[in-house]
Structures are given as structure tokens and as C-alpha cells.
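> Build me a model from this:
(chains A, B and C)
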Amino acid sequence: MNFLDGLNPPQKEAVEYTEGALMIIAGAGSGKTRVLTLRVANLLQQGIEPYQILSLTFTNKAAKEMRERIEKIVGIEAKSLWMGTFHSIFSRILRIEADRLGYDRNFTIYDTDDSKALLKSILKEQNLDDKVYRINNVLGRISGAKNKLITYKLYAQNDALKAEDAASKMPELYRIYEIYQKKCYKSNAMDFDDLLLLTNILLRDNEDIRQKYQQKFQYVMIDEFQDTNLSQYNIVKMLSQKHQNICVVGDDAQSIYAFRGADIQNILNFEKDYPTLKTVRLEQNYRSTNNIVQAANSVIANNKNQLRKSVWTSNDEGNKIKLVKTMTDTEEGRLVADTIFEEKHQNSWKNEDFAILYRTNAQSRIMEEALRRKNIKYKIVGGFSFYQRQEIKDLLGYLRFTVNQRDEEAFKRIINLPKRGIGDTTVAKLLAMANEKNINVWELLTEHTTEISNRIAGVLEVFTNLIKKFIQLLDSKDAHELAVIIAKESGLLKDLYEDKTIEGISRYENVQELLNGISEFVDNEENEDKSLSTFLQQITLVTSMDEASKDEDKDKVTLMTIHSAKGLEFKHVFVVGMEENLFPSQMANNSLAAIEEERRLFYVAVTRAEQKLTLTYAQNRYYYGNLQQCEPSRFLSEIDKQFLQNEGGMSKWTRQGFMNKEESNEKDNNTFSFSNQFKKTTANYTKVTNLTKTTPTADFKPSNLAALKVGMKVEHQKFGVGIIKELQSFQDDKKAIINFETQGEKTLLLSFAKLQILE
DNA sequence: CTATCGCACTGTAGT
DNA sequence: AGTGCGATAG
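The predicted model follows:
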């Protein structure tokens, strides 16, 4: 087995120990992904079928990356592996077995926004004050309960929980939970936590289904085990009961999701649940310089509740860690941008060798501005998702309602969109009426029309006829064709198209982008089920982090939160905003456990760096538009001084940080005028960060459709350069068959294709 | 029912 | 700074 060459003894052991329970404690940079990849390859080489291996990860990105790496070793076989996030894998299973739970297979997955909107309406209906019952708290309590496998029935019987609720002035919480859950069920909808909780219930209550999947999954693997919650762990425990071939990989020092129910206790329980457990520790770090490894160790050593830690490296000592203080947050950005600019030339490093990590997404804007001024290409990972944009959610609302008419959140979103004179009062009345009759709104609208007042009934009929038409097309049209029809006939597209403001154009383009996305979904041969319903379930579980890394995304500086940086590595990492109350977050002040989690987060940030690490903090920073003074983070003082660069090396930047009063005023004025300018061009700004490359003059718009001719050379945003082979009419639209250089022949609906005419 | 204005609030991460 | 809410006028 030559692919084991170059592994150290514990790595080799982890790859070869395939039968029974195995726990791999993998320190930062210890080659974990490589070990996991080879482990799967090893199983496949032993003749295990790919569909018998279940491999669970925490993010879609991690799953995708691992699948690609395995594919490189074993080839096409890797496609049949069951590999994905807990949520995506189990939503797939739930879709197949939905009827056992009384759900329809077209169930909607409610995202956090949907959940909050539903809770808000429940609070209103129950006359509860949303100042007392804070939506985030309420959702957090419900979510926390679900992650501990506490259903609303169990919650109502649990005096301890109810006492906690009473203490936080929310004694009715158990009732809200019950109403929320029943409404979700009535809407044929599941929230994120339901995907796990209901999988638990499905497997627990259905012997045959449990056996089916126990039989199927002979080998189960979990990555980032320290981040799993009880609900997730319990599913895996049930699934691996028959074969007992379960392998978990984790690092307690990198546990950063306790706030949402992840339980380090799972690691301890694991040893109890599997007495024959074999434990392998990967402690040699191959990623970072000795200075970085030691500095990381010196910080994490401050945690009282750490389990085990002895990560070491035989790498060079390397550069010392740079600590930089700046006057303001703007200057912090400038400093980072300047440093990247210089180092790119000095070391001939590329943009992709740098990462800027921050604690909160809000910090990204200042870094963006600085990089743009220096003309440094960057990409933002995570943050505000494409699918959270209003115009996207509007169209998705129509698509969702077409697939599942019980989806009440979608109904509320689209019933008066575009405006048809149905206000909140009317909607509330309709919902109350439906509730009273114990039917859903769609049934009310279609079967009880006579009971609705004439004025409204007329408008509603137009709406129901529209939806009925869409429903009829569900079987005959593919997801993309149908989405295009819905976008047009609902009037959404027309509204956006007529809005010629910068924001309006951007929104129109975003909708086009969504339609392109659906088109890609349909064209993708790997997707077996091309229904609109599957598409919708899939995208709810996809965040902007998971978008395919395009070629144009290649050589760019990466900006992201520390949370999303887990598992990645960069030559030079900047951790910015090292200030008390920002990192560690102010919210962490309440408990030791929270501070320790922040410290682990810092540990994660530091261990992303291969060669250079720079920590920066500002003395003044804008919070909600107010300039505030900041103190350096306590974590900075916890780093063993011997790993920090001496004062002399800092002086260059430190000097820049201190300005005399005159300079300071001048600078403030500059900052002010810049931010005013920024305000006016927000839409442009968004567009640039979206990485859409447009040349206004040559850009193809639906309005100059006639400009296209057969034989013309064009460039498509996604498919690249091609020659127009044929132009066709499709209803009142034009379609083009284009032969792309790399993608082959594609048929595009022109009004949604982003084409640029080349010749 | 819709549009507009002034006021108050914002509390971290990602499926 | 940006958002979302309630009150008010049209």
C-alpha cells in the first residue's frame, strides 16, 4: 500500500485501524484531512462499496473538499460516497421517509429567518411582549432543547427548564415551543434543528427503517467531533449500532461551537459508549513554524478545562509574531493592506497566501475598503448569504409556495407581492379564518372562497389562479423553466426590471443569478433528482461559503471570520480587532466557559498561520457609528513574550499609529468625507464584493437582444467563451444554442444569460 | 391600504 | 451606521 508512504506511525495507525470504534485526537495542522482521506481510500481498496461509507462533516465546504481529495486517489467511485453535513445527509433521508413522520416529501426547510418570522407571529397572536420574549432568546431556547432531544412534550414536563424560563421572565416559553412546532408541522416545514431531531425520532420509532440504514452504513466517520451536539451524536450512535465501525475525529482545543449546543461531553461519553475504543493522537504539527505552534500552546494553556495538549513541531523557528497597535480601525485596515502589498513583492507571495481573520462579520467592511484602495484582490467567505437577499427570498417564496402550499411563511411573503392591496390586516384575518376551520390557507383560498368578502376575493382569485397555473406546470417543466415562468408571470421580474436605480439593477441581476443557479442545478449530471422541490431543500442548507470556487476566485486575499477559517491554512495570517469586548466578545464576559471558548477560537485563528502571524488592534473603533476607545485583548498578554517580535520591529507601524493633533484632525476629515462618498455608492460596492465582472459598454442586456447574431463570439459569465450556433424563439423569449470552448453546447434563455459580446 | 417620518435599538459564530 | 417599528397622513 504505497499510498501510506510518508505517514508517521500514529497517522498510519489511524488509516489502518478500520474495524471497531476509533477516536482520532488530531491537533491543529497534524494532517487530519490527509489521514481521513486515506482512511476512506483504504476502505475502498479493501472492497467496501462507497455507498456503505457514511462520512459526516460540519460544513459543506469540508465535505466537498474531502470528496475531491478522495476522488483524486480512487477516482469516480468517490461520487457514490455518502459524504456531507449532518443536515444535508439527513434531510435526504427524511425526504425519502417523510411519510413515516406524517410529513410530505416536499417539505420546506425553514431557515433562521423563517423561524424568527414564525415566532414573531406567534408572540403577536399570543399577546406576548417581544421585548421580554426576545426572538433570539426564544429561538435559542427552542433550538437548545431540540439539540438535547427535548421535544415540546418533554419540555412541558421538565420543571427545571420551566424554572429557568420563569427566572428569565419567559414562563410561557414551553407553550410557544409547542405552538411553534405544531405550526411547522402544519406548514409541512422543518427547521434546521428538526432535521436532526426528526431523524432521531424516525430512527427511534421505526425498527425497519433503523435496520435498513444500520445495514447500509457499515462504516461511519465524523469529522470535527468536538462540534457535534447530542442530537447529532445520538443519530450516529443508532446508525453504527449494528456494525460498530465508527470513527470520530476531533480536537477539544478547537471546540468553538458550544454556544449552539456542541458538547465536549460527547468525547467523554464516546469512551463510555464504546468500551473497546481505540484512541490515536496526532500531535505533530506540519503546518506552522515553531514560534507559531509554541505561541498557540502558550495561550491555550490558560484554559483550566482543557483535556490534553502537547502539539509540537519539528519545523523551523520562523518569524516572531508581530503585534501591531493602530490609532483607528481605518488605519488598522491600511496597515494590513500595506503589509500585504509589500510582502507580495518582497517574498513573491500571491494574494492567496494571505488571510485576514476577524471575530465578527461587521469588521470585514473596513478591511475591504483598505484592500480596494490598494487594488489588492480579495474575496469574502461567509457573511451575508446570497439567499438572504430580499429579492432572492421573494422569488424563492413563490417557488416554495408552488411546491408546498402549506408553507405559511412563504405565503405571507408573497401574498402581497407585487402589491395587490392585501395588507397585514387582511392576511391576519385569512390566517385566523383558516385556523378556525382547522384548514390551511390554500384550502381556504381555493375551497372556501364564498366566505371571503367580495373586494378581497377578487384579488385573491387572481393570485390563486396564478399559483394553480404554476402547480400544473410542476411535472411538465424542469426547475429552471418553471422558475423563469414564475419570475415573469408573478410580476416580480417586471417590478425589478423597471427599477433603474443602482440598487434596483443589482437586485435584478441577483434574480438572474438565482435563475442561472437553478439552470446549473438542472444541467448538473450529478443531481439525480432535478425537481424544484429538491433544489429548494438543497439551497436552504447551502450558504455563501459553499459556492463553488470559481477560477476568478483563485488568487485573492481571503477575508473571513475565525469560525469559518477552521481547517484552512495560509502563509501569512492577520488576526485583526484584537480588542477586549470584541475578541473576546463582550458576551463572553458572563462565564468562564464562554471565555475559554473564545480562547479556543483564538487558538484556531493562530494555528491557521504557516509562516507569519500578525495580530492587530486599534485604539479607537466605530461601533454603530460611535467612535469608542478600545483596550487590547487579554489574549495578547497571554502569549509568551519570547515568541513576540521585539519593540524595535514594531516601531514603524507604532509610529504611524501615533499622530500629532493636527494630523489627527486632518485624517478624521478624510475619513469622514470618504465615508460620505461611500454611502452614495453602496450598491456599486456590493457589486464589487460580489465579484461580478462587468464592462458596462460591452455588457449584454436583454434590451439589446437583437444585437446577437449567429456566428458571434460571446463570453458567458460561467461557461466561458463560445460561438453562437443557433438562435430560436421560445414563447416571447429568445433562446440561443451556444457552443462553448470548454463546456460544449448549451442552450441558454437569453433574457437571463449574462453574455458579453467579444467580436 | 400605502407611504413617510421620527424614534429606538443593535448584542458572535453557521446549518 | 443601518434597520425596523409605530404613529400619522393621504
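
> mind checking the SS state of A:Ile48?
Secondary structure, DSSP: H, G, I helix; E, B strand; the rest coil: A:Ile48 is coil.

> show me what contacts it?
Listed by CB atoms under 8 Å, 6 or more residues apart in numbering, the contact set of A:Ile48 reads A:218-219. Where C-beta positions appear, they are placed from N, C-alpha and C, glycine not excepted.

> I'd like the distance between it and DNA strand C.
49 Å (CB to the nearest atom of the strand, to the nearest Å).

> Without its sequence neighbours, what residue ends up closest to the residue of the stretch 101-250 of chain A found nearest DNA strand C?
Residue of the stretch 101-250 of chain A nearest DNA strand C, by CB to the nearest atom of the strand: A:Lys120 (6.6 Å). In this structure, A:Lys120 finds its nearest non-sequential neighbour in A:Ile135, 6.1 Å apart by CB to CB, 6 or more residues apart in numbering.

> The residue of the stretch 101-250 of chain A closest to DNA strand C reaches A:Arg134, doesn't it?
No. With contact defined as CB atoms under 8 Å, A:Lys120 and A:Arg134 do not form a contacting pair (10.9 Å).

> all strands for the stretch 551-700 of chain A, in order.
Remark: strands assigned in the stretch 551-700 of chain A by DSSP state E, counting those that start in this stretch are A:557-561, A:570-575, A:609-623, A:626-629.

> For DNA strand B, tell me whether the first one is touching it.
Yes. Looking at strand A:557-561 against DNA strand B by CB under 7 Å from any atom of the strand, the contacts come from A:560-561.

> who does that strand pair up with?
Sheet pairing of strand A:557-561 (DSSP bridges) gives strand A:354-358 (parallel), strand A:378-380 (parallel).

> between the longest one and strand A:609-623, how many degrees?
Angular relation of strand A:354-358 and strand A:609-623 on a 0 to 180 degree scale: 40 degrees, by axes from the mean of the first three to the mean of the last three CA atoms, to 10 degrees.

> And the very next helix or strand once past strand A:354-358, how far out from the chain middle?
Once strand A:354-358 ends, the next helix or strand along the chain (criterion: DSSP states H and E) is helix A:364-373. How far helix A:364-373 lies from its chain's middle: 22 Å, per CA atoms, centre = their mean, to the nearest Å.

> give me the element the closest residue to A:Gln214 other than its chain neighbours is part of.
The spatially closest residue to A:Gln214, leaving aside those adjacent along the chain, is A:Lys242, at 4.0 Å (CB to CB, 6+ apart). In the assignment (DSSP H and E), A:Lys242 maps to no helix and no strand.

> And A:Asp263, by the same measure?
For A:Asp263, there is no host helix or strand (DSSP H and E).

> I'd say it and A:Leu230 touch.
Yes. Between A:Asp263 and A:Leu230 there is a contact under CB under 8 Å: 5.9 Å.

> A:Leu154 - how many residues pack around it?
Burial measure for A:Leu154: 13 neighbouring residues, criterion other CB atoms under 10 Å.

> Could you check the pLDDT of it?
For A:Leu154, the pLDDT comes out at 96.

> Let me know the secondary structure of it.
Strictly by three-state DSSP, A:Leu154 counts as helix.

> Tell me how far it lies from DNA strand B.
21 Å.

> where's that residue relative to A:Asp165, distance?
14 Å (CB to CB, to the nearest Å).

> before we move on, what about A:Gln390?
Following CB to CB, the distance that separates A:Gln390 from A:Asp165 is 33 Å.

> On the pLDDT front, check A:Ala706 for me.
60.

> Residues of the stretch 101-250 of chain A that sit close to DNA strand C?
A:Lys120.

> let's go with 10 Å and repeat that
For the stretch 101-250 of chain A, the residues in contact with DNA strand C (CB under 10 Å from any atom of the strand) are A:113, A:116-117, A:120, A:124, A:129-131, A:135.

> Can you tell me which of the residues you listed are buried?
A:116-117 (16 or more other CB atoms under 10 Å).

> For DNA strand B, state which of the residues of the stretch 101-250 of chain A next to DNA strand C is nearest.
For those, the nearest to DNA strand B is A:Lys131 (7.8 Å; CB to the nearest atom of the strand).

> Give me the phi and psi angles of the closest one.
Torsion angles at A:Lys131 (phi, psi; degrees, to the nearest 10) stand at phi -80, psi -30.

> Look up how far A:Ala117 lies from it.
From A:Lys131 to A:Ala117 the distance is 18 Å (CB to CB).

> Grab the nearest non-local neighbour of A:Asp223.
A:Thr57 (4.6 Å).

> Ok, A:Leu56 next?
The shortest distance from A:Leu56 to any non-neighbouring residue, by CB to CB, 6+ apart, is to A:Ile222 (4.9 Å).

> The one you found and A:Met23: what is the separation?
10 Å.

> Could you check which of those two has the larger neighbour count?
A:Ile222 (25 against 22).

> The more buried one bridge partners, please.
Beta-bridge partners of A:Ile222, as defined by DSSP bridges: A:Leu56, A:Val248.

> still on that earlier bit, between A:Ile222 and A:Met23, what contacts are shared?
Common neighbours of A:Ile222 and A:Met23 (CB under 8 Å, 6+ apart) are A:247-250.

> Which of the three states applies to the closest residue to A:Val606 other than its chain neighbours?
Nearest residue to A:Val606 in three dimensions, chain neighbours excluded: A:Ala296, at 4.4 Å (CB to CB, 6+ apart). Assigned with three-state DSSP, A:Ala296 falls in the helix class.

> Quick one: residues contacting A:Ala296.
Counting by CB under 8 Å, 6+ apart, A:Ala296 has contacts A:28, A:288, A:311, A:603, A:606-607.

> ok, back up a step: confirm that the residue of the stretch 101-250 of chain A closest to DNA strand C lies within a strand, as I assumed.
No. Under the criterion used here (three-state DSSP), A:Lys120 is helix, not part of a strand.

> Let me know the distance separating it from A:Glu451.
27 Å.

> A:Gln214 now?
Distance, A:Gln214 to A:Glu451, using CB to CB: 51 Å.

> Which one of the two is surrounded by more residues?
Remark: of A:Gln214 and A:Glu451, A:Gln214 carries more neighbours, 17 against 10, as counted by other CB under 10 Å.

> Surely that one is in contact with A:Gln241?
Yes. With contact defined as CB under 8 Å, A:Gln214 reaches A:Gln241; the gap is 5.8 Å.

> helix, strand or coil for A:Tyr103?
coil.

> Run a quick neighbour tally on it.
A:Tyr103 has 20 neighbouring residues, counting by other CB under 10 Å.

> Just list the residues touching it, thanks.
A:94, A:185, A:188, A:190, A:198.

> Find the nearest non-adjacent residue to A:Tyr617, please.
A:Tyr617 sits nearest to A:Met578 (CB to CB, 6+ apart), 4.1 Å away.

> could you measure the one you found against DNA strand C, distance?
In this view, A:Met578 and DNA strand C are 22 Å apart by CB to the nearest atom of the strand.

> and if you look at A:Lys412?
Counting by CB to the nearest atom of the strand, the gap from A:Lys412 to DNA strand C is 13 Å.
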